[in-house]
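Visitor: mind looking at a prediction? Sequence and model below.
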Amino acid sequence: MSVLRIENLHVAVKDHEILRGVNLTINEGETLALLGPNGHGKSTLLAAIMGNPTYTVTEGKILLDDIDVLSLPVNERSKAGIFLAMQYPSEIPGVNSAEFLKAAMNARREKPMSLFEHYSKLQKAYKEMGIPFEMSNRNLNEGFSGGEKKRNEILQMKLLEPKFALLDEIDSGLDVDAMQIVAKAIIEEQEKGRGFLVVSHYARLYDLIHPTRAAIMINGKIEVEGDASLVKRIDTEGYEWIKHELGIKIEKEEKQMSTVSIGVCATAERSKE
């Protein structure tokens, strides 16, 4: 069983330290919910694991089994078994979606797949994600709606079959039907033994995918770890209890911290529908 291990990770952007000694272990087959107020480093952690050059690792280790992840370029991290579904997928003019996916899948194979196998896999994945197959002929994410871009990220995950999938607010901007499609795809991958690190402000996603563990990031550090009941507690109580029970000062506080929960964003979205 593979293990993704983060040890004393410090990450900065333009000399501003965001992560301040993160320690976290994720086993293959686990789904870890990563919670915390906005601006406390959750997305930074995922970006640093994947190798986003905007973020500078100043100290610490990221290990995938015996592989030093920090020594690898982004493409080698992907080939080693790490996948990042981005919060804001970019449109890539000039890069055909089908050809991009073919190249990405072949990079993980000793022998390139046949054209028939390639299109069979694509057709199956597009159907499962509720995306019209003709969109595979478009440039990557170009002309896609926000929800289609997010579903396209999960489509890529299904095709690339990573050991660990990092999902950065993959559910934001999804309507109820799209949320169900994404959750179903995640559950199918959980059943295959995929490991997940999931960042979300939507309680309803966690309700659907049933995380096995949860961790709370405050001030760039993992301050609380526990079982999935932490998700429900944050959803009902917000983060105020962390200050009072654990004596942790929340440096970058949101307004009315006691009322801020992971379900607030979902509630706001529903009010707009």
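Guide: Sure thing, it's come through.

Visitor: buried residues in whatever helix or strand Leu230 lives in?
Guide: Per DSSP states H and E: Leu230 is located in helix 229-237. By neighbour count on 16 or more other Cβ atoms under 10 Å, the buried set for helix 229-237 is 230-231, 233-235. Glycine gets a C-beta too; all of them are placed from N, C-alpha and C.

Visitor: and what of stretch 183-196?
Guide: By 16+ other Cβ under 10 Å, the buried positions in stretch 183-196 come out as 183-186, 189-190, 194-196.

Visitor: again with stretch 6-16
Guide: 6, 9-12.

Visitor: what of stretch 41-53?
Guide: In stretch 41-53, residues buried by neighbour count (16+ other Cβ under 10 Å) are 41-52.

Visitor: wait, Ile170 touches Lys150, no?
Guide: Yes. With contact defined as Cβ atoms under 8 Å, Ile170 counts as touching Lys150 (5.5 Å).

Visitor: which neighbours do those two have in common?
Guide: In terms of Cβ atoms under 8 Å, 6 or more residues apart in numbering, Ile170 and Lys150 are both contacted by the residues 85, 182.

Visitor: tell me where the stretch 1-150 of the chain has strands.
Guide: 3-13, 16-27, 31-35, 56-64, 67-68, 82-85, 92-96, 139-140 (DSSP state E, counting those that start in this stretch).

Visitor: and the pLDDT at the residue nearest to Val11 when sequence neighbours are not counted?
Guide: Sequence neighbours aside, Leu19 is the residue nearest to Val11 in space, at 4.0 Å (criterion: Cβ to Cβ, 6 or more residues apart in numbering). In the prediction, the pLDDT value recorded for Leu19 is 98.

Visitor: just Glu225 next, same as before
Guide: On the pLDDT scale, Glu225 gets 97.

Visitor: next, the buried residues of the helix or strand where it lies.
Guide: Using DSSP H and E, Glu225 sits within strand 221-226. Of all the residues in strand 221-226, those buried under the rule 16+ other Cβ under 10 Å are 221-224.

Visitor: just these now: which is nearest Lys158?
Guide: Top of the list for closeness to Lys158, among the buried residues of strand 221-226 and by Cβ to Cβ, is Ile222 at 28.7 Å.

Visitor: give the contact list for the nearest residue to that closest one once chain neighbours are set aside.
Guide: Distances taken as Cβ to Cβ, 6+ apart place Ala215 nearest to Ile222, at 5.1 Å, with adjacent residues excluded. For Ala215, the contact set (Cβ under 8 Å, 6+ apart) comprises 24, 32-35, 222, 224-226, 230.

Visitor: ok, now with 10 Å
Guide: With contacts defined as Cβ atoms under 10 Å, 6 or more residues apart in numbering, the neighbours of Ala215 are 22-26, 32-36, 42, 197, 222-226, 230.

Visitor: ditto for Ala12
Guide: The contact partners of Ala12, taken as Cβ under 10 Å, 6+ apart, are 18-20, 44, 48, 55-59.

Visitor: ok, Pro73 next?
Guide: Contacts of Pro73 (Cβ under 10 Å, 6+ apart): 51, 53, 79.

Visitor: least confident secondary structure element in this protein?
Guide: helix 264-272 (a mean of 37; mean pLDDT, DSSP states H and E).

Visitor: secondary structure element holding the residue nearest the centre of the chain?
Guide: In the chain, the residue lying closest to the centroid (Cα atoms, centre = their mean) is Leu167, at 1.3 Å. Using DSSP H and E, Leu167 sits within strand 164-168.

Visitor: just checking, next helix/strand downstream of that strand?
Guide: Following strand 164-168 toward the C-terminus (DSSP H and E): helix 176-191.

Visitor: gap between the residue lying closest to Lys61 once chain neighbours are set aside and Leu70?
Guide: Using Cβ to Cβ, 6+ apart and skipping residues adjacent in sequence, the residue nearest Lys61 is Glu7, 4.4 Å away. With the distance defined as Cβ to Cβ, to the nearest Å, Glu7 ends up 11 Å from Leu70.

Visitor: alright, I will stop here.
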